[in-house]
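Peer 1: whatever this is, show me its structure:
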Amino acid sequence: MTDVILVLTTAGTDSPVEQWARQLIEEHLAACVNILPPMQSHYRWKGAVEHDTERQIIIKTTRSRLEALQRRLRELHTYELPELIVLTVDGGSDAYLSWVREAVGS
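Peer 2: Predicted coordinates:
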């Protein structure tokens, strides 16, 4: 297991996710942000089944930057309850994992 983590969130297609990505990288909260193409999301919200078009966002960072990243995402996000799921990275290319650490200043 490493200190590198993946953080998942979703955003509506009208959200400025490219701007978010740039800000997170410039602020050394993320080494890389992947923004996937629009997709259909189906979910239960406030007792009703809903569906929307959203984009999945994958953020590569380190556990030491997680708290600051979470704070910043809450500031940027337009959702009342944004998805924020943290996945542990069990391993990978040592060179890539080192690059992630360096990019976020860990």
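
Peer 1: pLDDT below threshold where in this protein?
Peer 2: Residues of the chain meeting the criterion pLDDT under 70: none.

Peer 1: which residues of it fall in helices?
Peer 2: Assigned by DSSP state H, the chain shows helices spanning 17-26, 66-76, 94-104.

Peer 1: the ones you listed into CSV, with extra columns for distance to Cys32?
Peer 2: Where C-beta positions appear, they are placed from N, C-alpha and C, glycine not excepted. Formatted as CSV, those follow (distance: least, Cβ to Cβ, whole Å):
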stretch, distance to Cys32
helix 17-26, 7
helix 66-76, 13
helix 94-104, 7
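
Peer 1: looking at these, spot the one closest to Ser41.
Peer 2: Of all the helices of the chain, helix 17-26 sits nearest to Ser41, with 14.4 Å by Cβ to Cβ.

Peer 1: counting by contacts, list what that closest one packs against.
Peer 2: Where contact means 3 or more Cβ pairs under 8 Å, 6 or more residues apart in numbering; DSSP states H and E, helix 17-26 is packed against strand 32-35, strand 48-62, helix 66-76.

Peer 1: the ones you listed: which one's closest to Gln19?
Peer 2: Nearest of these (Cβ to Cβ): helix 66-76, 8.3 Å.

Peer 1: tell me which residues of that closest one come out buried.
Peer 2: Going by neighbour count (16 or more other Cβ atoms under 10 Å), the buried part of helix 66-76 is Leu66, Leu69, Gln70, Arg72, Leu73, Leu76.
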